[in-house]
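**Q** Need a 3D model of the sequence below.
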Amino acid sequence: MIDNNAAVLLIYTGGTIGMIENPETGALHSFDFSHLKQYVPELKRFHFKIDTIQFDPPIDSSDMDLEGWSKLVRIIQKSYESYDGFVILHGTDTMAYSASALSFMLKNLNKPVVLTGSQLPIGKIRTDGKENLITALEIAVDKDPDGKAIVPEVCVFFQTYLMRGNRTTKVNVENFRAFNSYNYPILAKAGLRIRYDRNLINRASELPTEFYSRFDPNVMILKIFPGMSIEIVRSIFGNPNLKGVVLETFGAGNFPDRKDFLEIIRAAVKRNIIIVNVTQCSSGSVEMNRYRSGLILANTGILSGHDMTTEAAVTKMMFLLGQKLSVEEVKSRMTQSIIGELTIDNP
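**A** Predicted coordinates:
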């Protein structure tokens with residue numbers, strides 16, 4: 001049920017959706033979102049209030065960073081009591097990272113925060129941007145008969161699908177369905193109407209919403225591949241500032257059974273470097289007790305990332321380290337679900 005008395009804040013960070021084409025040069029440039037209804041006249045049919053704010057200057061999603069995430073949180077925090085929901089227009093390349101980060105930074109949400117974007121600029125005739133934007137706005141103000149938000153969590157809407165933000169990953173650079181949620185079902189599908197799966201959606205929190213902005217950037221993602229240099233691995237783990245590593249391993253969490261590699265891993269764990277094991281596969285979960293190579297890795301002190309995406313694992317690690325928790329507390333929380341980012345089948 002759309003509340004016609006509702007208000008939504010539309011935040012434009014940058015990206016393809018906010019581009020229009022110069023008819024003379026063919027070059028793409030950002031347009032002023034204060035004139036949004038001029039470019040998307042369909043919005044005039046909504047009766048609820050839509051306010052806009054944009055990054056100045058807008059940034060390409062490749063340039064999104066910790067400060068960009070903190071800026072988004074500050075905007076939402078400042079406006080939280082004035083709006084029923086928030087829509088963030090974001091470039092697609094790092095949208096899954098931003099959605100994951102925001103899911104940890106916005107604690108006890110009771111309002112929707114919907115990220116969306118497009119593969120084609122909103123000024124193009126065949127753009128997917130209009131439909132993505134219109135539906136995201138509708139989701140942001142959709143409420144139950146009792147007046148509570150239907151989707152009080154950080155999510156991504158793209159090409160008819162609403163997905164939990166910290167479960168998404170970009171899967172295609174050309175098709176309109178650019179994102180997928182392999183390890184968690186779709187929250188809603190938009191057709192003739194929006195069909196929500198209420199059992200999958202986080203419930204609105206009764207606790208006060210908390211806003212966090214601190215991250216620790218001293219982490220990295222290391223993807224294991226055949227033939228990788230032991231000297232390169234040694235130099236990475238030897239960095240004195242390193243605090244955490246998301247290790248992308250083979251299959252169900254398997255790692256080369258090499259004594260030199262394992263010695264480096266053990267030494268890093270002893271130095272309190274937090275290492276979390278996630279799979280390189282698109283879907284499925286790490287099960288380090290499934291094969292001998294995974295079991296050897298588990299015995300070094302590496303943590304299971306279960307079915308977390310790489311995007312969720314690395315942003316979660318940066319977030320937890322930024323809260324000045326003890327190493328043991330960070331390790332404990334990395335293996336537990338904070339806001340639905342992982343599933344533990346056999347706790």
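
**Q** residues touching the spatially closest residue to Tyr161 that is not a sequence neighbour, list them.
**A** Nearest residue to Tyr161, sequence neighbours excluded (Cβ to Cβ, 6 or more residues apart in numbering): Ile186, at 5.1 Å. Bear in mind the C-beta positions are built from the backbone N, C-alpha and C, glycine included. Ile186 makes contact with 161-163, 197, 200, according to Cβ atoms under 8 Å, 6 or more residues apart in numbering.

**Q** Could you list the low-confidence segments of the stretch 151-300 of the chain?
**A** Within the stretch 151-300 of the chain, the stretches with pLDDT under 70 are 291-294.

**Q** Mind doing that once more with 80?
**A** Across the stretch 151-300 of the chain, the ranges flagged by pLDDT under 80 are 176, 288-299.

**Q** As a check, name the ranges of all helices in the chain.
**A** Assigned by DSSP state H, the helices in the chain fall at 36-39, 66-79, 95-105, 129-141, 230-237, 259-270, 292-298, 310-322, 327-334.

**Q** So which bits of the longest one are buried?
**A** Going back to what we said before, that points to helix 66-79. 66, 68-73, 75-77 (16 or more other Cβ atoms under 10 Å).

**Q** follow-up on the earlier one: so which of the contacts of Ile186 is surrounded by the most neighbours?
**A** Leu162 (28 neighbours; other Cβ atoms under 10 Å).

**Q** Hmm, Tyr184 and that residue touching each other?
**A** No: look at Leu162 against Tyr184 with Cβ atoms under 8 Å: they stay out of range, at 11.7 Å.

**Q** Measure how buried Val113 is and give me the count.
**A** The burial count for Val113: 24, using other Cβ under 10 Å.

**Q** One more: Gly340?
**A** Applying other Cβ under 10 Å, we find 18 residues neighbouring Gly340.

**Q** Please state the backbone phi and psi of it?
**A** With angles defined as degrees, to the nearest 10, Gly340 shows backbone torsions of phi 80, psi 20.

**Q** for the closest residue to Leu109 other than its chain neighbours, what are its contacts?
**A** Nearest in space to Leu109, with sequence neighbours left out and distances taken as Cβ to Cβ, 6+ apart, is Pro152 at 5.1 Å. Contact partners of Pro152, counting by Cβ under 8 Å, 6+ apart, are 109-112, 201-205.
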